[in-house]
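Engineer: What follows is a predicted protein model with its sequence.
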Amino acid sequence: MEIRTRFAPSPTGYMHIGNLRTALYEYLIAKANGGKFILRIEDTDQERYVEGAVDVIYNTLKITGLIHDEGPDVGGDYGPYVQSERRGMYMQYAQELVKKGEAYYCFCTKERLDGLKEKNGEGDAFSHYDRHCLSLSQDEINNNLKSGMPYVIRQKMPTEGKTTFEDAVYGTISVDNSELDDQILIKSDGMPTYNFANVVDDHLMKITHVVRGSEYLSSTPKYNLLYDAFGWDAPTYVHLPPVMKDAHHKLSKRNGDASFQDLIEKGYISDAIINYIALLGWSPSDNTEIFTLEELKKSFSISGLSKSPSIFDIQKLTWMNGEYIKAMEFEKYFSLVEPKLKEAVKNKSLDLRKIAALLQKRLETLNDVSALVDFFDELPEYTTELYVHKKMKTTEEIALSSLKACLPVLENLSDWEETAIHDSMMALVGELGIKNGQLLWPIRTALSGKPSSPGGAFELADILGREETIKRIEKGIELLSK
């Protein structure tokens, strides 16, 4: 049997981290077993529809590499892959259940349903519809339909016994049927409810594994009873525990927690985000933490999924993001960092590739670029205290002496490139009989004006060029001489 999973998001805006994790696990379950990953857009809730949200879904899957085999944009044998375009088929399946006695027409008005709520002493929403319309005769039903009376179609739930199902993560789950309400299958506008459309679509698209949040565990008996009513085989259920902000709060965009798009805008790399999200609820068989998507496809298994909620740790993601940047092939890395460098470094004469090379081992996110390279365009204001470094054994006096000694050597250097700068300065260290740091720390400080910088004296001098290097060293001498 071919494994078929589906990612079925609603086009309501951003891509939540929990949604992306669901998509990732569905993709991995399919690909680890040579199966198909399907994209289905569930837009039956038109009130929550957000313009442009479908593009967000497409772009996120493309950026992350979670390429679907079937979907609205690529087609397939089981389309349409947008629920609103399948609208006509749901009614016929609901009417099939009515004929079987598994569902019934309900003509109750909003006023009557509100009245049921008022009869509840606590003032809470009533938990069960009272089946008022289940006793209608066929003649009454036909007359109501003929007159155009608004209606919904409800599922007729069993009132005794239990409904039991097996979940791949949580094991055996049983619910007393007496707790189940006669849920609505078709709404008064003719659109299917989320629960009903899901079951029909999953069956027709031959979905074998359904992955979703654990908040749907309580709804799953309703799904299974629908499968039973139709005489269909239910899929394998894989319910996932929530992704938490901390021990007590779920991640929530409303509370300011980052979506996938937010993380990208904050300078995180999609590969690192996917790697980190994979570990939010899944444990590999060994202690490996860094995975490419291809490696995840080979290593992932449902048995590694946990029942326990996972806490989204931005510090762990930041560390992982830095590891990805360090290990990245330079050309790919440069393609990501170049736009940030062009934005931060306005001096067109500077070699951005050389600056990028200095940054690669230091960046945690792409947004760190600006703070690390701000001195290249213009030397910041700084005090002579920066020249004093205990480990480098420098004082302001030693720094002044070193800068005065290096200035004429650099002015007369015939070949201005990193190796020549290095050789000339190291020769000067020998002549002066001082420690390396007693010359190189003052030069680096004079060139950057900062307590730390990407690259040392040789790299910075090479990038800044002869004229700017000499100008900045002269500035350092002037400061130290006051």
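Structural biologist: Noted; the coordinates are in hand.
Engineer: quick one: buried residues of stretch 215-227?
Structural biologist: Neighbour counts using 16 or more other C-beta atoms under 10 Å place Tyr216, Leu217, Ser219, Thr220, Pro221, Lys222, Tyr223, Asn224, Leu225, Leu226, Tyr227 of stretch 215-227 among the buried residues. (Glycine included, C-beta is placed from N, CA and C.)
Engineer: which among the residues you listed gets closest to His248?
Structural biologist: Proximity of those to His248 (C-beta to C-beta) peaks at Leu217, which lies at 20.1 Å.
Engineer: buried stuff in the helix or strand of the chain with the lowest mean pLDDT?
Structural biologist: Ranking every helix and strand in the chain by mean pLDDT, DSSP states H and E puts helix 110-119 at the bottom, with a mean of 78. By 16+ other C-beta under 10 Å, helix 110-119 has no buried positions at all.
Engineer: Tell me how many other residues surround Phe330.
Structural biologist: By the criterion of other C-beta atoms under 10 Å, Phe330 has 11 neighbours.
Engineer: Model confidence for it, exactly?
Structural biologist: For Phe330, the pLDDT comes out at 98.
Engineer: Touching, it and Gln360? I think so.
Structural biologist: Yes. Using C-beta atoms under 8 Å, Phe330 is in contact with Gln360, at 7.3 Å.
Engineer: Can you classify the nearest residue to Lys391 once chain neighbours are set aside by secondary structure?
Structural biologist: Leaving aside its sequence neighbours, Lys391 sits nearest to Gly437 (C-beta to C-beta, 6 or more residues apart in numbering; 7.2 Å). With DSSP: H, G, I helix; E, B strand; the rest coil as the basis, Gly437 sits in helix.
Engineer: Quick check: Gly437 touching Thr394?
Structural biologist: Yes. Gly437 lies in contact with Thr394 (C-beta under 8 Å); the separation is 6.7 Å.
Engineer: what's Tyr104 in contact with, if anything?
Structural biologist: Val98, Cys133, Leu134, Leu136, Ile153, Arg154, Lys156 (C-beta atoms under 8 Å, 6 or more residues apart in numbering).
Engineer: Give me the buried entries from these.
Structural biologist: Among these, those classed as buried by 16+ other C-beta under 10 Å are Val98, Cys133, Leu136, Ile153, Arg154, Lys156.
Engineer: so can I have CSV of these showing pLDDT, secondary structure and distance to Ile277?
Structural biologist: Output for those, formatted as CSV (pLDDT from 0 to 100; DSSP: H, G, I helix; E, B strand; the rest coil; distance: C-beta to C-beta, whole Å):
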residue, pLDDT, secondary structure, distance to Ile277
Val98, 97, helix, 43
Cys133, 96, helix, 46
Leu136, 95, coil, 50
Ile153, 98, strand, 39
Arg154, 98, strand, 38
Lys156, 96, coil, 41
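Engineer: do you know how far the nearest residue to Ala53 once chain neighbours are set aside is from Tyr78?
Structural biologist: Excluding its sequence neighbours, the residue lying closest to Ala53 (C-beta to C-beta, 6+ apart) is Pro11, at 3.6 Å. Per C-beta to C-beta, to the nearest Å, Pro11 is found 20 Å from Tyr78.
Engineer: and what of Tyr324?
Structural biologist: 36 Å.
Engineer: Name the residue in those two with the higher neighbour count.
Structural biologist: Neighbours were counted for Tyr324 and for Tyr78 using other C-beta under 10 Å; Tyr324 has more, 21 against 17.
Engineer: where exactly do the strands run in the stretch 51-200 of the chain?
Structural biologist: 103-106, 152-155, 162-167, 171-176, 184-186 (DSSP state E, counting those that start in this stretch).
Engineer: just so I know, which of those lies nearest Leu400?
Structural biologist: Nearest of the strands of the stretch 51-200 of the chain to Leu400, taken as C-beta to C-beta: strand 162-167 at 73.0 Å.
Engineer: thought Met244 was touching Phe312?
Structural biologist: Yes. Contact criterion C-beta under 8 Å: Met244 and Phe312 qualify, at 6.8 Å.
Engineer: what touches both of those two?
Structural biologist: Residues touching both Met244 and Phe312 by C-beta under 8 Å, 6+ apart: Leu251.
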